[in-house]
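Engineer: Quick one, fold the following:
(one chain, ligands or ions: 1)
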Amino acid sequence: MKKVLFVCLGNICRSPAAEGVLRAQAQKRGMDLLIESAGTGGWHVGDPPDERMIKAAAERGIDISKQRARQVDFSDFYEFDFILPMDRSNYADLMEMAPPNRDSVVKLFLDYGDTKTKETPDPYYGGAEGFETVLDLLERGAEGFLDFLEKHE
Ligand code: 4NP
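Structural biologist: Alright, predicted model coming up:
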């Protein structure tokens, strides 16, 4: 079973949503994946996702309310097959801590999708529409990522 870790800054907006979206799509396709998410920062460890993201995801039939934030750990680089950051800043932070002999592929999540933008914008300081934009991008990214797994793994 492939193991996937989504990473953003706080692990309360983008990466928990990515976790929920990919889990829902994988289930629909009958694909068995282990999916988690984590933040490069530790400010929100133990917290549920941002209420605004819980609500936006729930409107699409995805329940992320029981997920809890955690910080990326060194061991994740050996535990997961794919570590998928949301933006280039998350990518850079991961590469700074990534051991050279890691077992995981570290790659921008939206590189697997067909969207023009390859970064998932941080919705934390913006309005409600930012959360919809993030979910739209994540849904496209998830389709592309699962297509990739079906073809290559
Ligand atoms: P996320 O959004 O990285 O998508 O979870 C953020 C959430 C919280 C903070 C920054 C980004 N923060 O600075 O607390």
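Engineer: all helices for the protein, in order.
Structural biologist: Ranges of helices within the chain are 14-29, 51-58, 76-79, 88-97, 128-152, based on DSSP state H.
Engineer: So for the ligand, which of the ones you listed sits nearest?
Structural biologist: Nearest to the ligand among those is helix 14-29; the distance by Cβ to the nearest ligand atom comes to 3.5 Å. C-beta coordinates here come from the backbone N, C-alpha and C atoms, glycine included.
Engineer: rewinding a little: which one of the helices of the chain lies nearest to D111?
Structural biologist: Among the helices of the chain, helix 128-152 comes nearest to D111, with 8.5 Å by Cβ to Cβ.
Engineer: buried ones in that closest one?
Structural biologist: 130-131, 134-135, 137-146, 149 (16 or more other Cβ atoms under 10 Å).
Engineer: Among these, give me the pair with the biggest separation.
Structural biologist: For the buried residues of helix 128-152, the farthest-apart pair by Cβ to Cβ is G130 and L149; their separation is 28.2 Å.
Engineer: how deep is L9 tucked in, by neighbour count?
Structural biologist: 21 (other Cβ atoms under 10 Å).
Engineer: neighbours of the closest residue to it other than its chain neighbours, just the number please.
Structural biologist: Spatially, and ignoring its direct neighbours in sequence, L9 is nearest to G41 (5.3 Å; Cβ to Cβ, 6 or more residues apart in numbering). Applying other Cβ under 10 Å, we find 16 other residues in the vicinity of G41.
Engineer: Just the local confidence number for G41, please.
Structural biologist: Model confidence at G41, expressed as pLDDT, equals 98.
Engineer: And for E153?
Structural biologist: You'll see E153 listed with a pLDDT of 78.
Engineer: got the residues of this structure near the ligand?
Structural biologist: 8-14, 43, 122, 124 (Cβ under 6 Å from any ligand atom).
Engineer: Any quick PyMOL command for the buried ones out of these?
Structural biologist: Buried residues within the residues of the chain next to the ligand, by 16+ other Cβ under 10 Å, are selected in PyMOL with:
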select buried, resi 8+9+10+11+12+13+14+122+124
